[in-house]
Every structure is written in C-alpha cells, then in structure tokens.
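J.: Next come a sequence and a model predicted from it.
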Amino acid sequence: MTELYHTLNRGVDRREIFLDDQDRFRFIHDLFEFNDQQPAGLTVRSFDYNMLDLRSPTIGSDDKKAVKKVRELLVEIHAFCIMKNHYHLLLSPLVEDGIVQFMRKVNIGYAKYFNKKYARTGALFEGRYKSVLVENEAHFAHLPFYIHLNPLDFSMPEWREWKIDNLAQAQKFLQDYHWSSHLDYLGKKNFPSVTQREFLTKYFDSEGGYAQVFKKRLEGMEKEANIGIGFANLADIALE
C-alpha cells in the first residue's frame, strides 16, 4: 500500500517566506530539482525563472538552453500548495528516508536562496517540518481537497467551516491561483513535471474524476453552509 504523508512547514515567527512570484516559482522549481537521489546541485545559484519550463521534463541551464533532466526520485509529490508563510505537500517515499532527504534539500536550498536574495541571516523556517502519516480513508479523502482549497484563505476564509457563499467565485479564484497542483489535476498544464499524479488520478477516476469530485465538494460547501462540518479532523497538523 502506498504510504502518504501530509508534510508542511511555515516561516519562523510566522513570517512570510514567499514575497513575490519569483520566490514562489523558485520554491516550485526546488520541488522539482531536489526530488533526486543525486546530491543537490543547486542551492544559491541564481537563475532566470522566466526561462524555466516545468511543463516538461527539462529545466533551463545557465546558457538558457533546455537540458534533459534524468532523475531518480526520492519521493512522489502527489499534491502541493504554497501560501504566503507556509506550504503543504502530499508525499510518498520511494526510498528509505526519502522524505527526510527530500525535505532537507528543499528547506536548506530555499532558505539559502531566500537569505541571499533578501540579505538576511538565520533560520527561515519554524523548526523541523511536520510530516503526518495518513492512516485512514476519511483523512485521505479530505486531504487533497484541503491542500488545494488553502488559497481560499485569501478570499473566502469561511471555507474552513465548510461554508462558501458563491460557488462560481470560488472556482474562478482557485483556477486563477497558479501556486498549487490543482490546475494540473484539472487537466490544465501548470507545473505537471513537479507532481506524480497517477495515484490520485486513479483514485478519483473511480468517482467520476478529480474535477467532478472537486466540484461536488464545493457544491456541498455552498449548499450546507450552516452545517458546521469542515476540516477540523485535520487540526492535528494545523498551522494556525
């Protein structure tokens, strides 16, 4: 059986750790670059994020030519979302200590980039990342949606209480938010090279597909706005 872990971390003192689109793109690039059993080859090195195309298995090189990136993955990244001061990942290890190795490279690499860019020193993240094993079907059934719904904090924070007032507005907001794997699951190329989506896609296909299931979840939140059922069962790893 596939082991699934909800892995997350936030900025020290709850500070914002993604200040602009370049930061967000850099972190997503790092999810791709560091998911490799080979030693990390990129930490502080600067790059032109406009030249990087994570829609294919290539990355931009220093001379702005696309080069083939052959990787031996440490983890499967099933889903991700980055916010202003934290991130969420849904991971499965592919090798022993795969998550430990991957998260060490991602957190150290991004912290070095961030500290150099903003001329700061010291820890960027609030201690060691959290990683919680998904142990039951109910937890698993909610988790991909919980991760992909996080951006609604910016416009409809009541979603956490299973409430939304405008289904169309919520759908549009999430489709305009590029810093998660949600669009790739909808079949819209965003950062498809970063994630390994076969496991979740197969699971949701049995229920009509991810897009259909996600829409039904949002419809349920709109219709049952006062039912008081939300994502409280995920509070064990809440960042608030």
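T.: Cool, got the structure.
J.: residues contacting the nearest residue to residue 201 once chain neighbours are set aside?
T.: The shortest distance from residue 201 to any non-neighbouring residue, by Cβ to Cβ, 6 or more residues apart in numbering, is to residue 210 (6.6 Å). For the C-beta atoms, the positions are set from N, CA and C on the backbone; glycine is no exception. By Cβ atoms under 8 Å, 6 or more residues apart in numbering, the contact list for residue 210 reads 185-186, 200-201, 204.
J.: out of those, which are buried?
T.: 185-186, 200, 204 (16 or more other Cβ atoms under 10 Å).
J.: quick one: which two of those are the most distant?
T.: 186 and 200 (12.4 Å; Cβ to Cβ).
J.: where does the protein have low pLDDT?
T.: For the chain, the stretches flagged by pLDDT under 70 are 1, 41-69, 223-240.
J.: domains of it?
T.: The chain breaks down into these domains under automatic domain parsing: 5-132, 136-237.
J.: And the longest one, how far out from the chain middle?
T.: On the basis of Cα atoms, centre = their mean, to the nearest Å, domain 5-132 is displaced by 10 Å from the centre of the chain it belongs to.
J.: circling back: among the contacts of residue 210, which one lies nearest to residue 7?
T.: Nearest to residue 7 among the contacts of residue 210, with distances taken as Cβ to Cβ, is residue 200, at 15.5 Å.
J.: Distance from the chain centre to stretch 131-146, please.
T.: Distance of stretch 131-146 from the chain centroid (Cα atoms, centre = their mean) equals 14 Å.
J.: wait, what's in contact with residue 182?
T.: Neighbouring residues of residue 182 by Cβ under 8 Å, 6+ apart: 81, 148, 174-175, 214.
J.: Centre-most residue in this structure?
T.: residue 80 (1.5 Å; Cα atoms, centre = their mean).
J.: I'd assumed that residue was in a strand, is it?
T.: Yes: judged by DSSP: H, G, I helix; E, B strand; the rest coil, residue 80 forms part of a strand.
J.: helices or strands up against the helix or strand containing residue 87?
T.: Per DSSP states H and E, residue 87 falls inside strand 86-93. Applying 3 or more Cβ pairs under 8 Å, 6 or more residues apart in numbering; DSSP states H and E, we find strand 86-93 packed against strand 5-10, strand 75-82, helix 98-117, helix 137-149.
J.: if you set the cut-off to 10 Å instead, what comes out?
T.: strand 5-10, helix 21-33, strand 75-82, helix 98-117, strand 130-133, helix 137-149, helix 198-205 (3 or more Cβ pairs under 10 Å, 6 or more residues apart in numbering; DSSP states H and E).
J.: possible to save those as a markdown table with distance to residue 181?
T.: Conversion of those to a markdown table gives the following (distance: least, Cβ to Cβ, whole Å):
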| stretch | distance to residue 181 |
| --- | --- |
| strand 5-10 | 14 |
| helix 21-33 | 10 |
| strand 75-82 | 5 |
| helix 98-117 | 15 |
| strand 130-133 | 18 |
| helix 137-149 | 7 |
| helix 198-205 | 9 |
